[in-house]
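J.: predicted model and sequence follow; I will ask about them next.
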Amino acid sequence: MTSAIPAYLSQVLERYRTEDGGANADYIPALAQVDSQQLALALVTTEGDIYTAGDDQALFTIQSMSKPFAYGAVLEQLGPEQVANYVGLEPSGEAFNHLSLDEATHLPKNPMINAGALAIHQLIVSPKASSAERVEAVRSFFSALAGRQLSVDYHVYASELETAHRNMAIAHMLKNFGVIEADPYNVVTGYTAQCSLLVTVKDIATMAATLASGGVQPVTGQRLLSPANARMILSVMAASGMYDAAGSWFTDVGIPAKSGVSGGILGAVPGQAGLAVFSPRLDKHGHSVRGVKIASRLAADLNFHVLAPRPVGCGPADIEDQARQLLEQEA
Ligand code: GLN
């Protein structure tokens with residue numbers, strides 16, 4: 001039997017195609033030039049089935065959707081206790097590029113905002129590594145997550161660096177408080193290259209499906225993150241992935257997610273699927289306008305909200321069974 005999923009995904013795209021709210025990011029001049037009509041959607045299950053609709057060949061820069069995976073690379077490298085010395089776990093309630101640190105700890109509030117992502121980026125390989133070594137480590141890890149070799153768009157990279165005064169200011173603030181050891185300029189260039197990796201919706205949905213499956217890339221079968229680290233990334237995404245719109249997003253859509261200013265949004269439905277939407281026009285938070293609407297629609301139609309009642313087989317009787325088993329193990 002042929003799957004109904006591709007036709008369903010196309011139907012959802014068509015429903016929102018004419019929505020024309022928002023505007024391309026323009027603080028990165030190259031992103032202002034991107035065709036804002038583009039629209040694509042992908043869903044990859046934790047069993048490795050891939051479904052796409054719309055402009056699924058379109059390449060776009062990963063931008064802030066890189067943050068959960070860079071965080072993952074560093075969690076794998078150092079472990080959560082060490083990483084906690086550099087970045088917190090609390091939602092900031094601020095815009096992604098806000099210039100502030102936690103008042104008590106002088107650490108970035110979380111790894112999803114730029115301050116946290118810069119602190120994480122400098123830990124990749126080691127603070128003493130060159131920018132090129134860090135970028136190659138990120139590129140290689142993200143390629144394993146996507147299941148194909150990714151490359152940096154140096155046009156978008158150069159364009160962002162020309163106007164990266166704000167990220168430079170954040171990096172200097174981090175250096176001032178001793179959060180980063182590395183040279184602030186190198187951290188910004190490496191982070192900007194990380195954000196400039198080119199992806200399709202299929203790549204992003206596959207990367208998200210790896211989180212949803214607890215760290216196993218569902219197509220290649222390779223374990224890339226420990227189950228504990230995958231869950232940690234999803235938790236941080238749930239609390240902070242959508243920045244100052246994290247609360248309304250989680251209430252409505254109810255899945256851990258991350259957006260990027262290129263117009264992509266990725267979401268992970270634990271145990272089920274990863275999804276990705278791409279549409280360049282953004283709202284005031286930097287989230288794709290059509291992307292948010294489409295994700296909300298999918299979540300409602302497909303019962304994705306993670307706080308909805310658990311399906312049959314995970315009811316009160318299972319608590320009884322589990323408690324009994326644990327008691328018996330102890331005895
Ligand atoms: N590279 C972008 C920046 O640092 C990423 C921001 C985003 O996607 N929200 O500003």
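T.: Here it is on my side, so go on.

J.: the stretch 201-331 of the chain: helices as residue ranges?
T.: 201-212, 227-240, 246-252, 289-302, 316-330 (DSSP state H, counting those that start in this stretch).

J.: got the angle for the second one vs helix 201-212?
T.: Between the axes of helix 227-240 and helix 201-212, defined by axes from the mean of the first three to the mean of the last three C-alpha atoms, to 10 degrees, the angle is 110 degrees.

J.: other residues contacting helix 227-240?
T.: For helix 227-240, the surrounding residues in contact (C-beta atoms under 8 Å, 6 or more residues apart in numbering) are 68-69, 71-72, 75-76, 80, 89-92, 109-113, 210-215, 225, 246, 250, 255-258, 268, 270, 306. C-beta coordinates here come from the backbone N, C-alpha and C atoms, glycine included.

J.: what do you get if the cut-off is 6 Å, keeping everything else the same?
T.: Contacting residues not belonging to helix 227-240 are listed as 68, 71-72, 75, 91, 110, 112, 211, 214-215, 246, 256, 258, 268 [C-beta atoms under 6 Å, 6 or more residues apart in numbering].

J.: again, but for the third one
T.: Around helix 246-252, the neighbours that count as contacts under C-beta under 6 Å, 6+ apart are Pro91, Ser240, Met242, Ser296.

J.: which pLDDT does the model give the first one?
T.: To tie it back to what came earlier, the one meant is Pro91. pLDDT recorded at Pro91 is 95.

J.: surely it is within a helix?
T.: No. With DSSP: H, G, I helix; E, B strand; the rest coil as the criterion, Pro91 is coil rather than part of a helix.

J.: ok, now which ones touch it?
T.: Counted by C-beta under 6 Å, 6+ apart, Pro91 has contacts Ala239, Ser240, Ala246.

J.: just the buried residues of those.
T.: Ala239, Ser240, Ala246 (16 or more other C-beta atoms under 10 Å).

J.: from the ligand, how far off is the second one?
T.: Distance of Ser240 to the ligand, computed by C-beta to the nearest ligand atom, to the nearest Å: 12 Å.

J.: please apply the same query to the last one.
T.: To the ligand, Ala246 is 13 Å away according to C-beta to the nearest ligand atom.

J.: please apply the same query to the first one.
T.: Distance check for Ala239 against the ligand: by C-beta to the nearest ligand atom, it reads 16 Å.

J.: spatially nearest residue to Met65 (excluding sequence neighbours)?
T.: In this structure, Met65 finds its nearest non-sequential neighbour in Gly260, 4.2 Å apart by C-beta to C-beta, 6 or more residues apart in numbering.

J.: how many neighbours does the one you found have?
T.: Counted with other C-beta atoms under 10 Å, the neighbours of Gly260 add up to 28.

J.: I'd say it and Ser66 touch.
T.: No. Applying C-beta atoms under 6 Å, one finds Gly260 not in contact with Ser66, separated by 7.6 Å.

J.: so what's the residue of the stretch 101-250 of the chain found nearest the ligand closest to, chain neighbours aside?
T.: Nearest to the ligand in the stretch 101-250 of the chain, going by C-beta to the nearest ligand atom, is Cys195, at a distance of 3.6 Å. In this structure, Cys195 finds its nearest non-sequential neighbour in Gln63, 4.8 Å apart by C-beta to C-beta, 6+ apart.
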